[in-house]
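J.: Give me a model of this one.
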Amino acid sequence: MTVDAPTAVSADMTTHVEAGYPHPELNRGMPIPLVGMLLFIASEIMFFGGLFAAYFNARAGAAGGHWGPPPGAHELEAWPLAAILTIILVTSSFTMQFGVWAIRRGDQRRLRMWVGVTLLLGILFLAGQLYDYSLLNFGIGDGLFGTTFYTLTGFHGAHVFGGAVGLTILFARALNGQFSARNHVAVEAISMYWHFVDVVWIALFAILYFLK
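T.: The predicted model follows:
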């Protein structure tokens, strides 16, 4: 049986509308929201790249002199708190990806579960970072090291907070059943962003706590 061309086109448009893309002729590659997220992440890479460059420039300028927390302040220790925070954030990246894989299969229940777990881990990381700040007896104005340390970790914390807000919205939408195997671009986009802040923290952890 031959299918009329208009009927085939209509069926194709219906499929794309169900997937969340009302204009199938514009959906022949990566969805526009994902392209936008990748471009945003690219700009963030340049932003953090500038911060890292400033850190290394300040560190090089202190060659032969003291580099680190001010004399008398607590030294940065990788273990146990910073390492635990790193494990928490890395784990949250895995749980976020589990949520992506779940909704690709159309499993809304597991999507809600994994997004909820990721959100809780993100909040736990932020709480742990604030607690870590409370243990350090130096501030952002205590020397060049203090300025660069709080700038790097502070901006990263702000990005984690932004990701947590995105996860909260994502979780609320998941509770309302707004995602499916065909329509989950927002889940993919937030996942990309969350993986990005995870990678940035790993770089920060290695530089600030191990590069002496």
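
J.: I'd assumed residue 30 was in contact with residue 185.
T.: No - taking contacts as C-beta atoms under 8 Å, residue 185 lies outside contact range of residue 30: 9.8 Å. No exception for glycine: its C-beta is placed from N, CA and C like everyone else's.

J.: Between these two, which has more neighbouring residues?
T.: Using other C-beta atoms under 10 Å as the criterion, residue 185 and residue 30 rank with residue 185 on top: 18 against 12.

J.: Tell me where the protein has helices.
T.: Along the chain, the stretches classed as helices by DSSP state H are 5-18, 32-61, 83-104, 108-135, 143-175, 185-210.

J.: Redo those helices as a markdown table? Include mean pLDDT and distance to residue 73.
T.: Formatted as a markdown table, these follow (pLDDT from 0 to 100; distance: least, C-beta to C-beta, whole Å):
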| stretch | mean pLDDT | distance to residue 73 |
| --- | --- | --- |
| helix 5-18 | 42 | 58 |
| helix 32-61 | 95 | 17 |
| helix 83-104 | 98 | 20 |
| helix 108-135 | 97 | 11 |
| helix 143-175 | 96 | 8 |
| helix 185-210 | 97 | 14 |
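
J.: mind checking which of these is nearest residue 70?
T.: Residue 70 lies closest, by C-beta to C-beta, to one member of those: helix 143-175, at 5.2 Å.

J.: Buried residues, the closest one. List them.
T.: 143-150, 152-153, 155-157, 159-160, 163-164, 166-167, 170-171, 174 (16 or more other C-beta atoms under 10 Å).

J.: what's the answer for stretch 190-203, then?
T.: By neighbour count with 16+ other C-beta under 10 Å, stretch 190-203 contains the buried residues 190-198, 200-201.

J.: What of stretch 202-212?
T.: Quick answer for stretch 202-212 (16+ other C-beta under 10 Å): 204-205, 208-209.

J.: Check the offset of stretch 79-98 from the chain's centre.
T.: Centroid separation for stretch 79-98 versus its chain: 12 Å, with C-alpha atoms, centre = their mean, to the nearest Å.

J.: Stretch 90-106 too?
T.: Using C-alpha atoms, centre = their mean, the offset of stretch 90-106 from its chain centre is 13 Å.
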